[in-house]
Every structure is written in structure tokens, then in C-alpha cells.
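Trainee: got a predicted structure plus its sequence, pasted below:
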Amino acid sequence: MAWTDERVEQLKKLWSEGLSASQIAKQLGGVTRNAVIGKVHRLGLSGRATPSRPARRTVKPSRPRTTTASTAPAQRPVSRPSPSTPTPAAPKPAPVEPAVLPSGEFATVLTLRDSMCKWPIGDPAQAEFRFCGRKTAGGNAYCEAHSSMAYQPSAKRRRRTSDAGAALDAIAATRRYNF
DNA sequence: CCCTGATTCGC
DNA sequence: GCGAATCAGG
């Protein structure tokens, strides 16, 4: 998309209103936040009522754009202990309701992230279609509530011992509930 | 990990 | 002029 006068005006307005580059990009559509930032700089309106900006310049000299091959590995043998949750909370009954993100929006195919529950809600053919969007339960594709739904142990022949088996079971269960 | 803006530079 | 890649920081 090109920077029409109209879009540039929008950009200036939103930028002066304090919106972040990504927010502006999302609103304008067809551009990334990088594009917005780049344009902002080209327009010469970088400074703003930016809260987080003590006045420090980042100063980065050279940056080989492409064909970057060299550069030593720089090992990092020392590993971090990492705390990790001692005792996971018990699987709560859990309310399997919609899902409102902190941003006030819903989790759509555009806003869904890896850390968000991918449990589909609604008809994929409808605009109202969204995803659960809650915090993913430990590496799982779903939140705790939906994980328990996807993986309903049949009580019998449960012990497949392998995680792969469990994963397959989860997938099978998912099929049962949706697609 | 999420996000922010800043900068460089191939196109 | 444009913006992806990258950086530095919160």
C-alpha cells in the first residue's frame, strides 16, 4: 500500500495522539509497524510525548544487511537453573466461556499467539469466529479448561506411557468436539 | 515472551 | 521513498 496524502494524515494524527506504531499500523492496515516507524522518521516527526524515552540514543554503528556470514559463535556454557512451578494447580472445573483479551479484543486468527489457547469458538465461516485465547497451559495448544476437554481420559487403556500417545489422544479428542 | 521506537540499507 | 531486518530497551 502506498502512502497517500490521506493515509499520511491519518498517520500524523494517530502518532500525535500517542498511539504506538503497531497500533497505527493495525488501524491503517496494509502496513507493518516498521513501515509506520520508517514513515514517521521520514516525515521528521519522531519526537512526541513519548513516556518511555529518557533521551538515550541507541547508537548502533554497522549492521551488515544481507550476506551476513561471519561472526563468531560465542558460546554460553553456563546454564540457568530455572525455578519452574513446584506444584501445578489442580484442574479446576473451569468456565469454558468466550475470551476477552486484555486489549479488549477477542482472539482472532490475526491476534492469536502461540501462548494463547487455540480452542475455536463459534463458526469459522462467521466473522464472529474467535479462539479461546486464554493463557496456554504449559506448552499445550489449549488452556487448562480446554485441554481437559480435548484430552478426556477414557479411564481405560489410558497408559500409553509416551507423550506422543497422549498428544494423539488429545488430537482425537479435539476432533470429537469440533471439526 | 510480549512490546516499544531507532537505525541501517537493499530495493 | 519504502520498509524488512535488526537492534536496544521496557
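Mentor: Structure's in. What do you need?
Trainee: stretch A:113-131 close to DNA strand C?
Mentor: No - Stretch A:113-131 stays clear of DNA strand C (CB under 7 Å from any atom of the strand), getting no nearer than 13.8 Å. For glycine as for every other residue, the C-beta is placed from the backbone atoms N, C-alpha and C.
Trainee: next, the buried residues of that stretch.
Mentor: A:116-121, A:130-131 (16 or more other CB atoms under 10 Å).
Trainee: for stretch A:4-14, same thing?
Mentor: For stretch A:4-14, by 16+ other CB under 10 Å, it's A:7, A:11, A:14.
Trainee: next, format those residues as TSV and append secondary structure and pLDDT.
Mentor: Output for the buried residues of stretch A:4-14, formatted as TSV (DSSP: H, G, I helix; E, B strand; the rest coil; pLDDT from 0 to 100):
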residue	secondary structure	pLDDT
A:Arg7	helix	94
A:Leu11	helix	93
A:Leu14	helix	92
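Trainee: any chance of those in JSON lines, plus distance to DNA strand C?
Mentor: Formatted as JSON lines, these follow (distance: CB to the nearest atom of the strand, whole Å):
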{"residue": "A:Arg7", "distance to DNA strand C": "9"}
{"residue": "A:Leu11", "distance to DNA strand C": "10"}
{"residue": "A:Leu14", "distance to DNA strand C": "15"}
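Trainee: what does the model give whatever residue of chain A ends up closest to DNA strand C for pLDDT?
Mentor: Relative to DNA strand C, the nearest point of chain A is A:Gly38 (2.9 Å; CB to the nearest atom of the strand). A:Gly38 carries a pLDDT score of 95 in this model.
Trainee: and it, its phi and psi?
Mentor: phi -60, psi -40 (degrees, to the nearest 10).
Trainee: next one: A:Met116
Mentor: Dihedral angles (degrees, to the nearest 10) for A:Met116: phi -110, psi 140.
Trainee: which stretches of chain A have low pLDDT?
Mentor: A:48-105, A:110, A:153, A:155-179 (pLDDT under 70).
Trainee: show me the helices in it, by range?
Mentor: Ranges of helices in chain A, per DSSP state H, are A:5-16, A:21-28, A:33-43, A:144-150, A:163-177.
Trainee: ranking these by burial, who's on top?
Mentor: helix A:144-150 (a mean of 21; mean count of other CB atoms under 10 Å).
Trainee: same for that helix, what does it pack against?
Mentor: If you count contacts as 3 or more CB pairs under 8 Å, 6 or more residues apart in numbering; DSSP states H and E, helix A:144-150 packs onto helix A:163-177.
Trainee: good, wrapping up.
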